[in-house]
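Asks: coordinates only, sequence not included:
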């Protein structure tokens, strides 16, 4: 039988090296022999709906939004202020600060610095305020998908 046979499309073969029956938990005995198999794990939709409604998930989302929305708003205002200043007051933006460095160049460099600062602040916030809870949620979700605990 050819691996690419049309009637077997989508079906995993037991001799397929990528098929891992032990990891999937579906390697139990036949239902006609011996004790009954353990209950089938819940569907992914059920698990993710339950997790989505949990207080822990809502807390992760709330923490994310409390950081991201103000940070994005502040950065966009800062960027728009730069663009508006560059177009409405070109004389001020062309004013030399030090040597050939003018206000526009300083503001442009500050945009880059702000981007890096915001990236660092986001990563720090995620690490300190969300990652641990998100990792616990992931663990709970995986356990629920295997049919352990609820």
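Replies: Thanks, I have it. Only a predicted model underlies this, so the values are computations on that prediction, with no experimental measurement involved. Numbering: from 1, shown residues only.
Asks: right, and the helix or strand after the helix or strand bottoming out on mean pLDDT in the chain?
Replies: Ranking every helix and strand in the chain by mean pLDDT, DSSP states H and E puts helix 21-24 at the bottom, with a mean of 50. Counting by DSSP states H and E, the next helix or strand C-terminal to helix 21-24 is helix 44-52.
Asks: show me where the protein has helices.
Replies: With helices called from DSSP state H, the chain shows them at 21-24, 44-52, 55-88, 90-93, 103-125, 131-145.
Asks: state the mean pLDDT of stretch 94-108.
Replies: Average pLDDT, stretch 94-108: 93.
Asks: buried stuff in that stretch?
Replies: 102, 103, 104 (16 or more other CB atoms under 10 Å). Where C-beta positions appear, they are placed from N, C-alpha and C, glycine not excepted.
Asks: and the end-to-end length of that stretch?
Replies: 12 Å (CA to CA, to the nearest Å).
Asks: contacts for that stretch?
Replies: Defining contact as CB atoms under 8 Å, 6 or more residues apart in numbering, one finds that stretch 94-108 is touched by 82, 85, 86, 92, 93.
Asks: recalculate using a threshold of 10 Å.
Replies: Residues from elsewhere that reach stretch 94-108 (CB atoms under 10 Å, 6 or more residues apart in numbering): 78, 81, 82, 85, 86, 89, 90, 91, 92, 93, 109.
Asks: so how far is residue 53 from the second one?
Replies: It stands for residue 81. With distances taken as CB to CB, to the nearest Å, residue 81 is found 41 Å from residue 53.
Asks: also the fifth one?
Replies: To residue 53, residue 86 is 47 Å away according to CB to CB.
Asks: more crowded one of these two?
Replies: A count of neighbours by other CB atoms under 10 Å puts residue 86 above the other of residue 86 and residue 53, at 16 against 9.
Asks: dump the residue contacts of residue 67.
Replies: For residue 67, the contact set (CB under 10 Å, 6+ apart) comprises 121, 122, 124, 125, 126, 129, 130.
Asks: what do you get for residue 72?
Replies: Residues counted as contacts of residue 72 (CB under 10 Å, 6+ apart) are residue 118.
Asks: can you list the weak-confidence ranges in the protein?
Replies: The model of the chain has pLDDT under 70 over residues 1-42, 148-150.
Asks: specify the residue positioned farthest from the middle of it.
Replies: Each residue of the chain has a distance to the centre, and by CA atoms, centre = their mean the biggest one is for residue 99: 44.9 Å.
Asks: fine by me, thanks again.
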